[in-house]
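In: return atomic coordinates for the entry below.
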Amino acid sequence: MTTTHTAALLALSLSIGLGACSTTASRIGEQQGQFDSYPAEVREKIRAGEIAIGFTPEQVRMALGEPSRVYSRQTAEGEAEVWSYQDRGPALSFGLGGFSGGGTSVGAGVGIGTGGEALEKLRVQFEAGRVSSIETAGKN
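Out: So this is what the prediction gives:
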């Protein structure tokens with residue numbers, strides 16, 4: 001594989017990976033009518049990528065995107081739904097390798113990886129269709 005092919009493959013992989021990321025602005029744009037119907041203080045928080053007690057699941061999705069994990073929790077009041085948001089951290093790695101087998105064969109490969117160890121950064125609990133608690137990871 002030539003250097004030109006390697007660079008083209010790398011550029012394609014990065015554009016696919018970055019293109020899959022949604023932003024707060026893109027999520028608002030996809031649901032502009034719904035966003036415009038929210039009170040000003042809710043719109044302000046969503047634009048900032050923040051949430052508050054009382055938000056609906058739609059408002060949380062608009063502000064934060066899809067959760068990394070969804071699970072249920074039993075509480076004294078009944079069953080609650082919990083959304084977990086994880087941060088994989090800014091990790092990007094590249095690898096290039098090859099070998100020669102006695103001068104008769106040569107192989108090369110390119111490896112690209114994104115994401116590191118997943119760390120939970122936020123948990124959002126819903127009761128009766130509204131955010132009832134927000135847990136954030138402590139800073140060490």
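In: in the helix or strand hosting residue 25, what's buried?
Out: Assessed by DSSP states H and E, residue 25 sits inside helix 24-30. The neighbour-count check on helix 24-30 (16 or more other CB atoms under 10 Å) flags 24, 27, 28 as buried. Using the backbone N, CA and C atoms, a C-beta is placed for each residue, glycine as well.
In: by contact count, what packs against the following helix or strand past it?
Out: Sequence order places helix 32-36 as the next helix or strand after helix 24-30, per DSSP H and E. Here helix 32-36 touches helix 40-47, helix 57-64, going by 3 or more CB pairs under 8 Å, 6 or more residues apart in numbering; DSSP states H and E.
In: got the contact list for the residue nearest to residue 67 when sequence neighbours are not counted?
Out: Leaving aside its sequence neighbours, residue 67 sits nearest to residue 83 (CB to CB, 6 or more residues apart in numbering; 3.7 Å). For residue 83, the contact set (CB atoms under 8 Å, 6 or more residues apart in numbering) comprises 60, 67, 69, 70, 123, 124, 126.
In: which pLDDT value belongs to residue 83?
Out: For residue 83, the model assigns a pLDDT of 97.
In: and it, which helix or strand is it part of?
Out: strand 78-87.
In: partner strands of that strand, parallel or antiparallel?
Out: Each strand paired with strand 78-87, and its direction, by DSSP bridges: strand 69-75 (antiparallel), strand 119-127 (antiparallel).
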